[in-house]
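Engineer: starting from these lines, generate the structure:
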Amino acid sequence: MTYSSLLFIYIFLPAALGAYCIVPKKLKNVALLLESMIFCGFWGLKMLLFIMLFCAVNYTAALFIYSIRPKIKCIPMAAAILFDIVMLVSFRAEDFSYLHGFMGLPEGAFPWGISLFTLSAIGYLIDVYKGNIKADKNFVRFSLYIMMFPRIIMGPAVSYDIFAVALRKRRLNIAEIGAGLTLFIKGLAKKVILADQLYMLYSASMSGDFGNTSAAAAWLGVISYLFCLYFTLSGLSDMGAGLSRCFGYRFSGSFSYPIFSGRIRVFASRWHIQIIHWFRKYITRPLSSMTDSPILSKLVFAGVWSLAGFWYGFSWGGVLWGGLMGIAIMTENRLRKFKLLRSNGIFYTIPVIMILSVFLALGDVSDALRCLWTMVGGSGILADSMTAYLLRSYAVVLIVAVYASTDLFRNTVTRVKNSRLGWTLSVLTPIAMLGLLCICTSLMAYSGYSEMMIIKL
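Structural biologist: Predicted coordinates for the structure are as follows:
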């Protein structure tokens, strides 16, 4: 069960929200944790037991870190972080997927959101170790931080202190539920209407041998992949933020219209904001502070980006994507003094991002290089009838995707809201959201479910 499934939208969510609203305030955390356990339980009892074990190990380790002598508190921290990393790699990396056989799971199956809640747990342990926060003695509250079902798949990823503030400032009323459902449906539309359609375009464009694929088809596949990835991740993030708001918790968004940024570094800062911030806070800054050498600092910067790329794809292609992204940012910073970069940044930013996305899309470095060779005409075929057919079939989807990936619509809504016609938004928004929900429901009913994931986070 995922957010974009009929079972979740029409059965689980109404039941969970209704039960959460009627329980007393002092029991709401317990109720939400039980609902989260039921949500995780849909992936199997073994998955649920693993997540509860994960919570227990990190909860216990944090208490030890906080209570024992400073000289030895690094031992439980290192042990818990090692446990988290081993679990993540064992589930995610194909060459080390030992847990699948041990737990009797099908190959490729793993707890939803394991990449995300592993980062959350490691960040929590580091903050407790540094004394930035106190270890929470309430196991229910800590478990919610790890496995709260509105956040578990795609966040938003927040540090524990921000999560604790959101718990204290919880506001549950009709207005918050309405705003949360609006954001959830917007995210659902991104995933079902755009991402799933773009995934089919990506699959059709990249289905053949690169030696017989036209350059236009290869470019079309890369473009569709980039937009599909964006709308999948941002859509799930919006759904998570919307669900959190329905239950009274406000969290910031994870994406800020990154694709058409005028700088590569701006793209990086707007893409999966909390994740990039996590790597900067917990890895880049501590390692960079240990050296005064500019060369070592640059190596650290590129290395951490490579690690972030591995976290995304768990492949050598992901590592190369991250490393090249770090190198591109540093190169751009060196060339910022030229007026050409200041005036025409979008014209080099988008091609660079698309070219680098090839490594993340295909995973295998050799396949990515063959795809790049095809994109520059290496196959000897510039265009073919199949490419023309795909363009005609998906032209509307591509146009809508380009428009939806910019802030033009948001700015238009803001101007209308501040004008004399602002009252119309309160009337039209529920109608528009109901229409989007009906369209999404029709598409999901036709296909059965919507779980076309480019990467499994």
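Engineer: next one: Phe42 from Ala61, what distance?
Structural biologist: 28 Å (C-beta to C-beta, to the nearest Å). Where you see a C-beta, it was placed from the backbone N, CA and C, and this is true even at glycine.
Engineer: the two: which has the busier surroundings?
Structural biologist: Per other C-beta atoms under 10 Å, whichever of Phe42 and Ala61 has more neighbours is Ala61, with 26 against 16.
Engineer: Provide the secondary structure category for the more buried one.
Structural biologist: At Ala61 the chain is in helix, as set by DSSP: H, G, I helix; E, B strand; the rest coil.
Engineer: give the contact list for it.
Structural biologist: Pro76, Met77, Ala79, Ala80, Leu125 (C-beta atoms under 8 Å, 6 or more residues apart in numbering).
Engineer: between which two of the residues you listed is the distance greatest?
Structural biologist: Ala79 and Leu125 (10.0 Å; C-beta to C-beta).
Engineer: these two: who's more crowded?
Structural biologist: Neighbours were counted for Ala79 and for Leu125 using other C-beta under 10 Å; Leu125 has more, 22 against 13.
Engineer: and the more buried one, what element?
Structural biologist: helix 114-130 (DSSP states H and E).
Engineer: name the residues of the helix or strand following that helix that are buried.
Structural biologist: Once the chain leaves helix 114-130, the next helix or strand it forms, by DSSP H and E, is helix 139-147. Across helix 139-147, burial judged by 16 or more other C-beta atoms under 10 Å covers Arg141, Phe142, Ser143, Leu144, Tyr145, Ile146, Met147.
Engineer: so the fourth one touches Asn29, yeah?
Structural biologist: Pointing back at Leu144 there. Yes. Counting by C-beta atoms under 8 Å, Leu144 touches Asn29, with 6.1 Å between them.
Engineer: so what sits against both of those two?
Structural biologist: With C-beta under 8 Å, 6+ apart, Leu144 and Asn29 have common neighbours Leu167.
Engineer: rewinding a little: among the contacts of Ala61, which ones are in helices?
Structural biologist: Secondary structure assignment by DSSP state H places Pro76, Met77, Ala79, Ala80, Leu125 of those in helices.
Engineer: out of those residues, which is nearest to Arg280?
Structural biologist: Nearest to Arg280 among the ones in helices among the contacts of Ala61, with distances taken as C-beta to C-beta, is Leu125, at 17.7 Å.
Engineer: just checking, that closest one touches Phe83?
Structural biologist: No. Applying C-beta under 8 Å as the test, Leu125 and Phe83 come out as separate, 10.3 Å apart.
Engineer: how near is Gly180 to Ser315?
Structural biologist: For Gly180, the distance to Ser315 - C-beta to C-beta - is 35 Å.
Engineer: sorry, wrong one. I was asking about Asp292.
Structural biologist: 34 Å.
Engineer: okay, those two: which has more neighbours?
Structural biologist: Ser315 (22 against 8).
Engineer: mind checking how far the more buried one is from Val365?
Structural biologist: Taken as C-beta to C-beta, the span from Ser315 to Val365 is 9 Å.
Engineer: what angle do the lengthiest helix in the chain and helix 114-130 make?
Structural biologist: Ranked by number of residues, the top helix in the chain under DSSP H is helix 215-246. In terms of direction (axes from the mean of the first three to the mean of the last three C-alpha atoms, to 10 degrees), helix 215-246 departs from helix 114-130 by 60 degrees.
Engineer: for the stretch 251-400 of the chain, which spans come out with low pLDDT?
Structural biologist: Applying pLDDT under 70 to the stretch 251-400 of the chain flags the ranges 337-344.
Engineer: repeat the analysis, applying 80 as the threshold.
Structural biologist: 313, 336-346 (pLDDT under 80).
Engineer: mind listing the helices for it?
Structural biologist: Remark: helices assigned in the stretch 251-400 of the chain by DSSP state H, counting those that start in this stretch are 264-270, 273-279, 285-288, 294-313, 316-335, 339-343, 345-362, 365-375, 385-404.
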